[in-house]
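In: take this sequence and fold it.
(one chain, ligands or ions: 2)
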Amino acid sequence: MLQQYIDAIEKSNIVSRTDVKGIITFVNDEFCKISGYSKEELIGANHNIVRHPDVPASKFKLLWKTILNKQTFKATVKNKAKNGSTFYVNTTVTPILDEDDNIVEFIAIRYDVTKEVLLKEELFKKDTQLQELNKTLEMRVKVKTKELKELNRTLERRVQEEISKNEEKQRVMFWQSRHASLGQMLANIAHQWRQPLTELSLTMFGIKKAAINKDENALMIFYDESKKIIRNMSSTIDDFTNFFKPDKEKHYFDISESINESLQILDKIIKKEMISIKTEYENIEVLGISNELTQVIINLIQNSKDAFIHNSILIREINITTKKEKDFAIIRLQDNAGGIKEKNIEKIFEPYFTTKHTSQGTGLGLFMSRMICEQGLHGSIDVKSVKNTTTFIIKIPLQKSSINEK
Ligand SMILES: Nc1ncnc2c1ncn2[C@@H]1O[C@H](COP(=O)(O)OP(=O)(O)OP(=O)(O)O)[C@@H](O)[C@H]1O
Ligand SMILES: [Mg+2]
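Out: Ligands and ions are numbered 1, 2, ... in the order given. Here you go, the predicted structure:
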């Protein structure tokens, strides 16, 4: 039965026996298998043949101290196989005593725990790596957060700077365009006044003659005539001052009235350049500043007029229509002044884009028109050019709600 116990232990464990000095006297097959040595190599060798250099001498001292003290030593031991590989064994070394209580030999029973130990080591390594990573991660997140905050701050500042630069630019452009249209208006007034001034000097001459001749009747006729001319001249001024009145309050106004105002202001130029204007209106009211829309229409007609002259068009036509489409008021202004070249059409709403000589155009007309349509009227302005025609389409939302939505 004892033999059977020994067999059972030997089959399932790594077993060796040494003499009191540690010289191997017996090994089982399992020992040979795990250490890579043959029985012949092992028997007679010192047990430290499998000792791993990593294991500190103190551990062996403890082992010897324990077993020489006739006690059992238990530990997980790191060993080295013949081929240099490492294996771990859970070891129990028991001293065998004779009847006189003297140590005869030592028997060591072990089982292989290499896999478990390696797994544990791996786990430990991963754990420390993870902790390390966690630490650096926290640090990196902190650093990045700081960088981001900084970036945010400079970004906000730059956005603010750009906004104010832009506002400044717009102010300058508004001023320039106001200046330009003021110039155009003065030219218009001069134009409108030239003829009545000539007429007036003629009637003055008539008055002088009638006075010399003491012809009271003729005097009255010339006097009435000059009063009429002066009244006309004065009403021209009224048209313009009305247009230049600082009218910043939004109110509902009839689109066609605003368009007619533009036609009134440009009346003399239109006649002089022999432009035929056809209008077809629907009654539509929108919210905004009437004078601003007038300004847009003036810009568009001036552009058409310039194109008529530049392209030497003989039959000059402009069609203006207003129409309700869904929730929008649509103004279409079409001319047959030659069209806009494809390479230019993308750019015409950009500030300072002009194909005209510097003395004739600043390139702000359409830019300002778009600003007014988008910001003043909460709508849009678009252009289409087919063959020799150009059509500008202005879209203005009708309801207050759609204005607020924008
Ligand atoms: N009806 C049109 N027909 C042909 N070309 C046009 C027409 N309207 C505008 N353009 C082109 O678009 C350009 C830009 O027009 P915009 O009104 O913005 O500036 P401008 O007329 O050149 O100068 P400004 O209006 O400041 O005096 C014009 O120079 C012209 O080439
Ligand atoms: Mg223009």
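In: contact partners for the closest residue to residue 304 other than its chain neighbours?
Out: Nearest non-adjacent residue to residue 304, counting by Cβ to Cβ, 6 or more residues apart in numbering: residue 335, 3.9 Å away. Every C-beta, even on glycine, is put in place using the N, C-alpha and C of the backbone. Residues in contact with residue 335, defined by Cβ atoms under 8 Å, 6 or more residues apart in numbering, are 304, 307-308, 316-319, 389-390.
In: could you rerun that using 7 Å?
Out: Applying Cβ atoms under 7 Å, 6 or more residues apart in numbering to residue 335 gives the contacts 304, 307, 317-318, 389-390.
In: swap in residue 19?
Out: Neighbouring residues of residue 19 by Cβ under 7 Å, 6+ apart: 25, 105.
In: ok, it to residue 42 distance?
Out: For residue 19, the distance to residue 42 (Cβ to Cβ, to the nearest Å) stands at 13 Å.
In: one more: residue 1?
Out: If you go by Cβ to Cβ, the gap between residue 1 and residue 42 works out to 28 Å.
In: and for residue 377?
Out: For residue 377, the distance to residue 42 equals 103 Å [Cβ to Cβ].
In: so residue 252 sits against residue 285, correct?
Out: Yes - with contacts counted by Cβ atoms under 7 Å, residue 252 reaches residue 285, the gap being 4.6 Å.
In: okay, these two: which has more neighbours?
Out: Per other Cβ atoms under 10 Å, whichever of residue 252 and residue 285 has more neighbours is residue 285, with 13 against 10.
In: who's that one bridged to?
Out: residue 254 (DSSP bridges).
In: show the contacting residues for it.
Out: Counted by Cβ under 7 Å, 6+ apart, residue 285 has contacts 252-254.
In: now residue 357. Its backbone dihedrals?
Out: phi -60, psi 150 (degrees, to the nearest 10).
In: would you mind listing what in the stretch 151-300 of the chain touches ligand 1?
Out: 180, 299 (Cβ under 6 Å from any ligand atom).
In: the stretch 151-300 of the chain: strands as residue ranges?
Out: Secondary structure of the stretch 151-300 of the chain (DSSP state E, counting those that start in this stretch): strands located at 251-254, 275-280, 285-288.
In: in the last one, what's buried?
Out: Under the neighbour-count criterion of 16 or more other Cβ atoms under 10 Å, strand 285-288 has 286-288 buried.
In: which residue ranges form the helices in the chain?
Out: Remark: helices assigned in the chain by DSSP state H are 2-12, 29-35, 39-42, 57-68, 114-212, 216-244, 255-265, 267-272, 290-310, 342-345, 365-371, 400-405.
In: so the fifth one, near ligand 2 or not?
Out: No - contact between helix 114-212 and ligand 2, assessed by Cβ under 5 Å from the ion, is absent, since the two come no nearer than 8.6 Å.
In: tilt between that helix and helix 255-265?
Out: Orientation of helix 114-212 against helix 255-265 (axes from the mean of the first three to the mean of the last three Cα atoms, to 10 degrees) gives an angle of 50 degrees.
In: quick check: closest non-adjacent residue to the closest residue to ligand 1 within the chain.
Out: Across the chain, the shortest distance to ligand 1 (Cβ to the nearest ligand atom) belongs to residue 365, at 2.4 Å. Using Cβ to Cβ, 6+ apart and skipping residues adjacent in sequence, the residue nearest residue 365 is residue 299, 4.2 Å away.
In: what's the answer for residue 352, then?
Out: Nearest non-adjacent residue to residue 352, counting by Cβ to Cβ, 6+ apart: residue 363, 4.3 Å away.
In: quick one, phi psi at that neighbour?
Out: Main-chain dihedrals, residue 363, degrees, to the nearest 10: phi 80, psi 20.
In: likewise residue 213?
Out: Backbone torsions for residue 213, taken as degrees, to the nearest 10, come to phi -80, psi 0.
In: next, count neighbours for it.
Out: Residue 213: 10 neighbours (other Cβ under 10 Å).
In: now do the contacts for residue 140.
Out: Shown in contact with residue 140 (Cβ under 7 Å, 6+ apart): no residues.
In: per-residue confidence for it?
Out: pLDDT recorded at residue 140 is 89.
In: residue 330 too?
Out: What the model reports for residue 330 is a pLDDT of 97.
In: burial count for it?
Out: Applying other Cβ under 10 Å, we find 18 residues neighbouring residue 330.
In: residue contacts, it?
Out: 323, 393, 395.
In: okay, and the beta partners of it?
Out: Here residue 330, judged by DSSP bridges, has bridge partners residue 323, residue 395.
In: residue 177: neighbour count?
Out: By the measure other Cβ under 10 Å, the count of residues near residue 177 is 21.
In: dump the residue contacts of it.
Out: 364, 368.
In: likewise for the one 3 residues further on?
Out: Residue 180 is in contact with 362, 364, counting by Cβ under 7 Å, 6+ apart.
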